[in-house]
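Participant: need a 3D model of the sequence below.
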Amino acid sequence: QVQLVESGGGLVQAGGSLRLSCAASGRPFNNYAVGWFRQAPGKEREFVAAVSRSGITYYADSVKGRFIISRDNAKNTVNLQSSSLRPEDTAVYYCAARYVGYSGTIYTGDDDYNNWGQGTQVTVSS
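Facilitator: Just a heads-up that it's a prediction; the model follows:
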């Protein structure tokens, strides 16, 4: 198992930016696919972005062009750079990881992941 810790959340005005980080420990991170999900109050958890072990990325339509997911395997981190934030981006953001060995598959379902962080709150004011 790998342990995940998110950081970088906070309060930001609409149009602003935040950089979320997911730090992994316990096992080498380079054999894991990683995803970011978010859950707003009263809503189901939803997919935001994912990155394969090789760095291929995929985004939800709602964040495409505004968010960028990237990974630094040497530092065991995956980052989510968010810009042009909107009030509807307000949510708890979770990092998730799945061991994939040498597979290049990207996973977008929360059922696909079995390692989760505790979440970090992002609040966007209008």
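
Participant: please count neighbours and contacts with C-alpha atoms only from this point.
Facilitator: OK.

Participant: measure how buried the closest residue to residue 24 other than its chain neighbours is and give me the count.
Facilitator: Distances taken as Cα to Cα, 6 or more residues apart in numbering put residue 4 closest to residue 24, at 4.7 Å, once the chain neighbours are dropped. Look at residue 4: counted by other Cα atoms under 10 Å, it has 22 neighbours.

Participant: okay, now residue 26: neighbour count?
Facilitator: Count around residue 26 with other Cα under 10 Å applied: 9.

Participant: so who does it touch?
Facilitator: 1, 2, 3 (Cα atoms under 8 Å, 6 or more residues apart in numbering).

Participant: can you rerun that using 10 Å?
Facilitator: Contact analysis of residue 26 by Cα atoms under 10 Å, 6 or more residues apart in numbering lists 1, 2, 3, 4.

Participant: between those residues, which has the most around it?
Facilitator: Most surrounded of these: other Cα under 10 Å gives residue 4, at 22 neighbours.

Participant: could you give the mean pLDDT of the helix or strand hosting it?
Facilitator: Taking DSSP states H and E as the criterion, residue 4 maps to strand 3-7. Computed over strand 3-7, the mean pLDDT rounds to 97.

Participant: now do that strand: which elements does it pack against?
Facilitator: strand 18-25, strand 77-82, strand 91-99, strand 115-116, strand 120-125 (3 or more Cα pairs under 10 Å, 6 or more residues apart in numbering; DSSP states H and E).

Participant: and stretch 30-49, what's its mean pLDDT?
Facilitator: 97.

Participant: pull out the buried residues from that stretch.
Facilitator: 30-40, 45-49 (16 or more other Cα atoms under 10 Å).

Participant: swap in stretch 53-67?
Facilitator: 53, 54, 55, 57, 58, 59, 63, 67.

Participant: so which residue is smack in the middle of this protein?
Facilitator: The centroid of the chain falls nearest to residue 36 when counting by Cα atoms, centre = their mean (2.3 Å).
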